[in-house]
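1. coordinates only, no sequence provided:
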Ligand SMILES: [Zn+2]
């Protein structure tokens, strides 16, 4: 099965973030709208996710009109419409901010970029190939994983 890729409309920034955290390639550019957004999604083979009924007319066959308010309802709709499932081993492999891929980084390479306590004590580090943000396992990552299991599990 080819992996589903998404393009989120300007109203769906939070949804894009959670899709990325779950490991999905989800583009989000609030400056794109209407035909430009629909065209980009089509060119890149992405499913266009939108709350705007007018936009569905501009899109190709790959479009999902979301009615839900809030990320939880939107993900429920997506799971129903596209039989979307998320694999826990793909959680937290993608930057929630810019959609870039995360790659392992050496402690020395990121020491100056994270809080001093984290630089010493974190078990490992991941760095975004897109924006350079550094991620590390910790209580925040654990909370995100739990939330992803709620959103995508069951
Ligand atoms: Zn990034």
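-> Right, received. Where do you want to start? Since this is a predicted model, take the numbers as computed values, not measurements. Numbers count the residues shown, from 1 in each chain.
2. any idea which helix or strand carries the nearest residue to residue 137 once chain neighbours are set aside?
-> Closest residue to residue 137 apart from its sequence neighbours, by CB to CB, 6 or more residues apart in numbering: residue 123 at 5.7 Å. (Each C-beta comes from the backbone N, C-alpha and C, glycine too.) According to DSSP states H and E, residue 123 maps onto no helix or strand at all.
3. from residue 27, how far off is residue 123?
-> Distance, residue 123 to residue 27, using CB to CB, to the nearest Å: 31 Å.
4. over to residue 66?
-> 16 Å.
5. please enumerate the strands of the protein.
-> For the chain, the strands defined by DSSP state E cover 5-8, 25-28, 47-50, 63-65, 102-105, 125-128, 134-135.
6. who are the packing partners of the third one?
-> Helices and strands touching strand 47-50, by 3 or more CB pairs under 8 Å, 6 or more residues apart in numbering; DSSP states H and E, are strand 5-8, helix 34-43, helix 53-58, strand 63-65, helix 71-82.
7. mean pLDDT added to those, as CSV?
-> CSV is the format used below for these (pLDDT from 0 to 100):
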stretch, mean pLDDT
strand 5-8, 98
helix 34-43, 96
helix 53-58, 92
strand 63-65, 96
helix 71-82, 95
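8. between those, which one is closest to the ion.
-> The ion lies closest to strand 5-8 among the helices and strands packed on strand 47-50, at 15.8 Å (CB to the ion).
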